[in-house]
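> just to be clear, the model below is a prediction. Sequence and coordinates:
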Amino acid sequence: MTLEPHPQPHPDAPDAPQRSGVPPRHRGPHRRDRRRARRHARRAARRALPLRRRLIPTWRLLLGTTVGLLLLGAAAFMTLYRMVPIPDPKAHALAQGNIYYWSDGRSELARTGAVNRENVPIDRISADTRHAVVAAEDRSFYQNNGIDLKGMLRAAWNTLTGRGLQGGSTITQQYVKNYYLTQDQTLTRKLKEVFIALKVDREESKDTLLAGYLNTSYFGRNAYGVQAAARAYYGVDASALNCAQGAYLAAVLQAPSSYDVRTATPGNRDKAIARWNYVLDAMVDRHWLDPAARAPLTFPEPLDPQPAAGLGGQAGYLVQIADDYLAATGTLDAATLRAGGWRITTTFDKARQDAFADAVHRQLHTVLNPAARPGSDTDVRVAGASVETTSGQIVAVYGGPDYTTQPYDDALRQDNPIGSTFKPIELAAGLKGGHHTQDGRAITTETVYDGDSERDVVGGPTPYAPANEGDVDYGPITLRQAMVKSVNAVYAQEGVDADLADVRRTAIALGIPENVQAMRADDTSMTLGTATPSALDLAAVYAALGNHGQAITPWAVSAIDRVGRRDGLPRLPGHPARAALDRGTADAVTGVLQDVLGPAGTGATAAALGRPAAGKTGTTDQNLSAWFAGYTPQLATAVGLFRENPVTHGKLSLNGTGGLARVNGGAFPTAIWTAYMSAALARTPVAAFDLRPSAGNQRPASSPTPHPAAPPRPSAKQPAVPGKPAHPGTGGPARPPRPAAPASPTRPAPAQP
C-alpha cells in the first residue's frame, strides 16, 4: 500500500501549524523586514523635516560617536603610556649657564651659571615647609595619581575665558618637568610630562616625589632647592624653617622674580604677603595648621639678598633688569631662564654704561668725604636710567657702585618721592584737558597764577598751603615762569585746576605705574611729587615728552637664542608706541622745560651740555631726595640722589652732603646728568626739537618776569582788599593776613626746585 505524502502547508498560510511554539510573525525574515521598514520610515520622516532640524544629530548618532571616541581615546592613551619612557634624569637635572651680551650682540656683558643647590632628604625638610608647599601648589598631592584631571580642565577653562594663563600642573608634574624634561612650552613636552608623571607616581613614594620637587625647584636669589633657599632667605637649614618661614618660601615658588619682598616693588610686596596669607589659610583648611596657631603669625621678613658670583660692577644690575624684562613680558619664566643655556642680547650700550658710572664717580664720589662728614657723606646713593626717546631701548642704568657689595638695584626701586619733576605731568594734564582756573580762564603755558609762598590751595580734596623754596613770594607769574623757578604755590593750585584724577591718569599714560605709593587723587599734596616711581619709570615719562607724546614701555632685550636650538624659541614682544599725549600738548611742555635749562632756571647747570635739551629739577621736603630728569630729541635720562640707613633702609636727609647746606635737584643730580649726557651723545649729531605746540602755548616774545631775587616775605602779609583777588589772574581768591608760623607737622611735604 502506497502512502501519499502528507502535503506541507505554506509557512505563511493562515492555518499553517505553528512550529516550536513560535508565532509566525516573530520569525527571522519578517523581523528583519519590520526593522528595515522602521528604518526607512525614520529616514523618510527625517527627510521630511526642515533643514535646520536635519542638521541636529540624533541621539543614536551622538551616542555612537561618543562611545567610538572614548574607545579611540582609551586606545591612544594606552599606546602613548606604553611608548613614553621615563628618561634619564641626569640629562636634564643640572642647570646650564646663560651668556648676556651688550647691545652690539658680540661683546660679552656677563655670564651666569653657578648652580646653588644642595639636595636634602625629606626628613631634613621641616614638616611645616612640606605642608606649606603642598597646600600652596597641589592640595590633592597625597590623593592624586600624579595628575589632576579636574585641575587641568579648570586651568584650561580659565585660560580660554581670559582669567589668566594657568598650568594646572600637580607637584608630580612640576617635578617631572624640572628633573626629567626641558622647560619648552610645547604640546609634546606637556604630553610627555603627563605620562611620565603617571608612571613615576606608581613607581615612587609621595615622600620621594615631594623631596625631588623641593630639591629641583627655583626659589629666586640663585637658590635651587629648598636647602639653598632656606639659607639664602633666612640663614638656616631647611630642617630649621618655622611655619611662617616655610609658608613664605612656598609663596615665593609662584613668582620668584617678583615675590622677594626685600627687592620687590610696593605692589609686588603686597602680592607676596597676600600669597603668604593664602598659604597659611590653605594649611588651616587641610588641617595641617591649627587656627589658634595661625592667628598670631606675623610675616617673617627675610634677610637682605646676597649678590651672585660673577656679576660684579654694573653687570649684576643689568642682568637683573634683563631677567625681569623677560619674566614680566612672559618671554621666559624664572625657572626656564634659570635652567640655563640661553644667549641674551641686551639693549645696554657699553660706552654709555661706562659713561654713567664715570659721571657718578667724578661728579659725586670724588666730592664726598665720609671721614670728615660721617653724618652727611655716608650711605649716599644714586638711581639713574637712560632711555632712547624714539625706541624705548634702555641704553644705560646706574643701580649702585657694585652689585657684589650692593645688590639692590637703585634704578628700579620705587620708594623715593620725585618732587618737582612731577610738575611737567601736571602741566600736561592742564593743557590737554581743556581745564580752567578757579576764575574760569583757560589753562595755557602763559596763564598767570599767584606765586606767593604758602597761599592756600583752593578746591583741593585736602587742605594744602605749600611753601616755595626759600619761602619766596613771586606774585603774579605765568605757568611757564613758575616752571622755570619751580614755584610750588602755583603748581599746587594748577594741579587741582587740572583735576587731580586727570593728573593721575596722565601720569599713568606717560609711564608711571599706577600702583606706586602716594599718587592718590584724593590728596592735594600729590601735586608736588609725593609719588615714588623708579628712575627708569621717570626716564620713560620724559622720553614720551621728547617723543611728542608717544610713550613706549622701556625694554631691555633685543634678541634671544639657545645653544643648539634654532626652532621653538620664544618670541620677543613688540614695542608699539601709544598716544599718551597729543603732540601739541607734549611739545608745549617741552618748550617750557627748555626754559628750565636757561640762565634763570633751576636746571641752568645742564646748559653746559651745549645742545638743545629740556628738563626739570626736583627736591623733596626735609631734603630726603633730589632729582633731575631731562632729554634731548634722542635720549632721556633721570638721575636721583638720596641717603638711607643701610640696616632699616629708612631715608636720611641730604642736608650737608658734599659740603652743601641743602642738596637741590640742580646740584649733584644735574651735574651727573650733564656729564653723562655729554659723553653719551658725544658721537651723536646735534638735533633741535621739532616743536609744534598747541595754540596759546607758544613762548612769548617777552615773557613776564617774576619778582627778581625776591626776599623772604615779612612775618605778616598786608591785608588784601575784601572781595578782590590778591593779584590779577591768580587762579584763586585772596587769603586773609596771617602771622608767620612754623609749618604744621601734619602739613603734607611740599616739593622744592
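Right, received. Where do you want to start?

> can you map out the strands along the stretch 601-750 of the chain?
614-620, 625-631, 635-644, 651-652 (DSSP state E, counting those that start in this stretch).

> sorry, wrong one. I was asking about the stretch 1-150 of the chain.
Using DSSP E, counting those that start in this stretch, strands in the stretch 1-150 of the chain cover 98-101, 108-112, 116-117.

> in space, what's closest to Gln698 - neighbours in sequence excluded?
Gly591 (7.4 Å; CB to CB, 6 or more residues apart in numbering). Using the backbone N, CA and C atoms, a C-beta is placed for each residue, glycine as well.

> revised request: answer the last question for Asn664.
Per CB to CB, 6+ apart, closest to Asn664 is Thr619, 4.7 Å.

> how many residues are close by that neighbour?
33 (other CB atoms under 10 Å).

> dig out what it forms beta bridges with.
Going by DSSP bridges, Thr619 is paired in beta bridges with Ala626, Gln752.

> isn't it right up against Val663?
Yes. Here Thr619 reaches Val663: they are 7.5 Å apart, a contact under CB atoms under 8 Å.

> what do these two both touch?
Counting by CB atoms under 8 Å, 6 or more residues apart in numbering, the residues touching both Thr619 and Val663 are Ala626.

> distance check, the closest residue to Asp237 other than its chain neighbours against Thr129.
Leaving aside its chain neighbours, Asp237 sits nearest to Ala230 (6.0 Å; criterion: CB to CB, 6+ apart). For Ala230, the distance to Thr129 equals 8 Å [CB to CB, to the nearest Å].

> ditto for Val487
57 Å.

> more neighbours, the two?
More neighbours surround Val487 than the other of Val487 and Thr129, with 29 against 25 (other CB under 10 Å).

> pLDDT value on the residue nearest to the more buried one when sequence neighbours are not counted, please?
Distance criterion CB to CB, 6+ apart; nearest residue to Val487, sequence neighbours excluded, is Gly451 at 4.7 Å. Gly451 carries a pLDDT value of 96.

> hang on, isn't Gly451 packed against Asp473?
Yes. Counting by CB under 8 Å, Gly451 does reach Asp473; the two are 6.9 Å apart.

> more neighbours: those two, which one.
Ranked by neighbour count (other CB under 10 Å), Gly451 and Asp473 place Gly451 first, with 28 against 21.

> residue contacts, that one?
Gly451 neighbours (CB under 8 Å, 6+ apart): Asn468, Asp473, Tyr474, Gly475, Pro476, Ile477, Ala482, Lys485, Val487, Ala489, Val490, Pro706.

> where's the residue nearest to Gln698, which helix or strand?
Assigned by DSSP states H and E, Gly591 belongs to helix 583-596.

> give me the angle between that helix and strand 614-620.
70 degrees (axes from the mean of the first three to the mean of the last three CA atoms, to 10 degrees).

> other SSEs contacting helix 583-596?
Secondary-structure packing of helix 583-596 (3 or more CB pairs under 8 Å, 6 or more residues apart in numbering; DSSP states H and E): helix 423-432, helix 479-485, helix 535-546, strand 614-620.

> now render those as JSON lines, adding mean pLDDT.
Formatted as JSON lines, the helices and strands packed on helix 583-596 follow (pLDDT from 0 to 100):
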{"stretch": "helix 423-432", "mean pLDDT": "96"}
{"stretch": "helix 479-485", "mean pLDDT": "96"}
{"stretch": "helix 535-546", "mean pLDDT": "98"}
{"stretch": "strand 614-620", "mean pLDDT": "94"}
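
> out of those, nearest to Leu635?
Closest to Leu635 of these is helix 535-546 (CB to CB; 8.2 Å).

> sheet partners, orientation included, of the helix or strand following that closest one?
Using DSSP H and E, the helix or strand that follows helix 535-546 in sequence is strand 550-551. Strand 550-551 pairs in its sheet with strand 578-579 (antiparallel), by DSSP bridges.

> using CSV, write out every CA atom in stretch 519-528.
Presented in CSV, the C-alpha positions along stretch 519-528 are these (Å, rounded to 0.1, in the frame of the first residue of the first chain):
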residue,chain,number,x,y,z
MET,A,519,49.9,109.1,43.9
ARG,A,520,46.4,109.5,45.2
ALA,A,521,43.8,111.8,43.6
ASP,A,522,42.2,112.4,47.0
ASP,A,523,45.3,114.1,48.4
THR,A,524,46.2,117.6,47.3
SER,A,525,49.8,117.1,48.1
MET,A,526,50.1,114.7,45.1
THR,A,527,50.5,117.9,43.0
LEU,A,528,54.1,118.4,44.2
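
> what comes up buried for it?
Met519, Asp523, Thr524, Ser525, Met526, Thr527, Leu528 (16 or more other CB atoms under 10 Å).

> these: which two are farthest apart?
Distance extremes for the buried residues of stretch 519-528: the farthest pair is Met519 and Thr524 at 12.7 Å, using CB to CB.

> for the residue nearest the centre of the chain, give its distance to Ile321.
Most central in the chain under CA atoms, centre = their mean is Ala328, positioned 6.1 Å from the mean C-alpha point. In this view, Ala328 and Ile321 are 10 Å apart by CB to CB.

> so which residues of the stretch 151-300 of the chain form strands?
223-224.

> just the helices in it please.
171-179, 187-203, 206-216, 226-234, 243-252, 266-285, 291-294 (DSSP state H, counting those that start in this stretch).

> for the third one, enumerate the helices and strands it packs against.
For helix 206-216, the elements it packs on are helix 127-137, helix 171-179, helix 226-234, judged by 3+ CB pairs under 8 Å, 6+ apart.

> compare the ones you listed and give me the one nearest Leu337.
helix 171-179 (13.5 Å).

> and that closest one, what's its mean pLDDT?
Helix 171-179 comes out at a mean pLDDT of 78.

> what's it packed up against?
By 3+ CB pairs under 8 Å, 6+ apart, helix 171-179 packs against helix 127-137, helix 187-203, helix 206-216.

> tell me what the second one is packed against?
Taking 3+ CB pairs under 8 Å, 6+ apart as contact, the helices and strands that helix 187-203 lies on are helix 59-83, helix 171-179.

> could you rerun that using 6 Å?
Helices and strands touching helix 187-203, by 3 or more CB pairs under 6 Å, 6 or more residues apart in numbering; DSSP states H and E, are helix 171-179.

> among the strands of the stretch 601-750 of the chain, which is nearest Thr336?
strand 635-644 (31.6 Å).

> show me what the closest one pairs with in its sheet, parallel or antiparallel.
strand 380-388 (antiparallel), strand 625-631 (antiparallel), strand 651-652 (antiparallel).

> my read: the residue nearest to Asn664 touches Ser625, true?
No. Applying CB atoms under 6 Å as the test, Thr619 and Ser625 come out as separate, 7.4 Å apart.
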